[in-house]
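1. structure, please.
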Amino acid sequence: METPKTEPAVTPQSLITEDHVRKALHADKGTDALLKSWKVVDFTKRGDNYACVVTSVQVKYAKCEGVESEVSYVVKLNACRTVDSVADMSSLIFAKEGRFYSEIVPALNEELISAGQEPLCVPKCFFVSLENGKEQLYLEDLRARGFFMFDRRKGMDKDHTTLVLNELARLHSASYLLLRKFKEGESLSTKFEFLSHEFFSDEFMPMFESFLKGCIHTGMMMLEKVGGYESSVEWLKGLQGEVLEFCTTGLLSEKYTSICHGDCWNNNVMFRYNDEGQPVEPMLVDLQACREASFATDLNYFIYTSLTGDVRVPNIEDFMNTYYSSYKDVLKGADVPMYFSKEELVNEFRDKNKLGLIFAMSIIPALLVEPEEVSETRVDDLEKLMQDFRKVALNKLKTNPLCKPRFLAIFDEFLQSGLIS
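-> The predicted structure follows:
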């Protein structure tokens, strides 16, 4: 009896086709580039990426003169997960990032160049496919230009932080210049409608609410485990009841509306270094959560997920000055007056501090554990994945050297500032 044939399992890497590779090559090197061969070369390790699969394609090609050359592309792929809600979210984030590169980056770069600035520090994108369930992005391989991933477990020092804040200011100020050119009644999210597609839309609301409340619950358990933070635990209980409303309406602020990165933390920034090992150029990557929001949401996200307390607290005024000066320089180059003061910037930043804390509670527990300590089979189930992180993080809490500078320092700061009473 003949054995029935079974269809091969779909893997993310199997989504890559020669046609896709050729289109990326032609966008990069010109239509006269002849594709000779290509192969998939995985290079990331577990824990580097959560929302998709990242690999690379090494390509050999020849131009009309016949000389064979090589180029490498980083490819972001749909993770081919079978849970419907996770698959739908994958489509959402690919649409956001793909259209950010194809629609927003050219518009923002036009504003920056007109203002005498360099283009945005984001990777070049050569091909986008948004076919449902098979989404993929082909990006320049920044390793070839000497860029390296920042260690997500390390807090950024002042030099790294300054570079990121300068770049965020350029992103935000360019979006303000772009917004000024819109017709009356137009907004960033009506011009680029995909910016309004959010994780807290009706489709994902139950999962998003569960995630947010789970993050706060994890924070409460961590504080209880350490001890001495009873008032913070009580404050978090109140925050848990209003977190969904706060994380939706709290993102917005008409005066400071910008196109925001949305997920700017250690893991989503790369750096190029000089011969002395000093960072000289940043690169913002992973734009899958880009959104229309107050620029202070990006600042809070970055500053409270990516810095230790001993770097953040004594340098916060310098960091605000850095951001403000960079923003003002872009507007000055475009002959546009600065429309908010340094004091107003600080007030808006402080007004969004609760968001910074919520972002930190969603990111930092994952930094307290090694990726191999969490079951990979549970990545399709967000709730179970969080339970895994919570269990391992709590077991290691008192012995993990990252806990106090990355997590407890935030509560110490907010207790002192009066945000937590």
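
2. ok so residue 287 is a helix residue?
-> No: residue state for residue 287 (DSSP: H, G, I helix; E, B strand; the rest coil) corresponds to coil; a helix is not indicated.

3. so for it, what's the pLDDT?
-> In the prediction, the pLDDT value recorded for residue 287 is 95.

4. for it, give its distance to residue 197.
-> Distance from residue 287 to residue 197, counting by C-beta to C-beta, to the nearest Å: 13 Å. The C-beta positions use only the backbone N, C-alpha and C, and glycine is treated the same way.

5. when these two are compared, which one has more neighbours?
-> Neighbours per residue, other C-beta atoms under 10 Å: of residue 287 and residue 197, the larger number sits with residue 287, 27 against 17.

6. OK, contacts around that one?
-> Under the criterion of C-beta atoms under 8 Å, 6 or more residues apart in numbering, the contact partners of residue 287 comprise 96-97, 100-101, 122, 261-263.

7. tell me the pLDDT of residue 65.
-> Confidence at residue 65, expressed as pLDDT, is 71.

8. thinking again about what came up before, redo the contacts of residue 287 as JSON lines? Include secondary structure and pLDDT.
-> Supplementary listing: the contacts of residue 287 in JSON lines, determined by DSSP: H, G, I helix; E, B strand; the rest coil; pLDDT from 0 to 100:
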{"residue": "96", "secondary structure": "helix", "pLDDT": "94"}
{"residue": "97", "secondary structure": "helix", "pLDDT": "95"}
{"residue": "100", "secondary structure": "helix", "pLDDT": "97"}
{"residue": "101", "secondary structure": "helix", "pLDDT": "97"}
{"residue": "122", "secondary structure": "coil", "pLDDT": "98"}
{"residue": "261", "secondary structure": "coil", "pLDDT": "97"}
{"residue": "262", "secondary structure": "coil", "pLDDT": "94"}
{"residue": "263", "secondary structure": "coil", "pLDDT": "93"}
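
9. most neighbours among those, which one?
-> For these, counting by other C-beta under 10 Å, the largest number of neighbours falls to residue 261: 30 neighbours.

10. does that residue touch residue 284 like I think?
-> Yes: with contact defined as C-beta atoms under 8 Å, residue 261 counts as touching residue 284 (6.0 Å).

11. quick one: common contacting residues for those two?
-> Among the neighbours of residue 261, those also in contact with residue 284 (C-beta under 8 Å, 6+ apart) are 168, 171, 268.

12. which strand or helix spans the first one?
-> When elements are assigned from DSSP states H and E, residue 168 belongs to helix 158-180.

13. what comes into contact with the next helix-or-strand element following that helix?
-> If you walk from helix 158-180 toward the C-terminus, the next helix or strand you reach (DSSP H and E) is helix 188-191. Residues outside helix 188-191 that contact it (C-beta under 8 Å, 6+ apart) are 175, 178-179, 182, 195-196, 257-259, 292.
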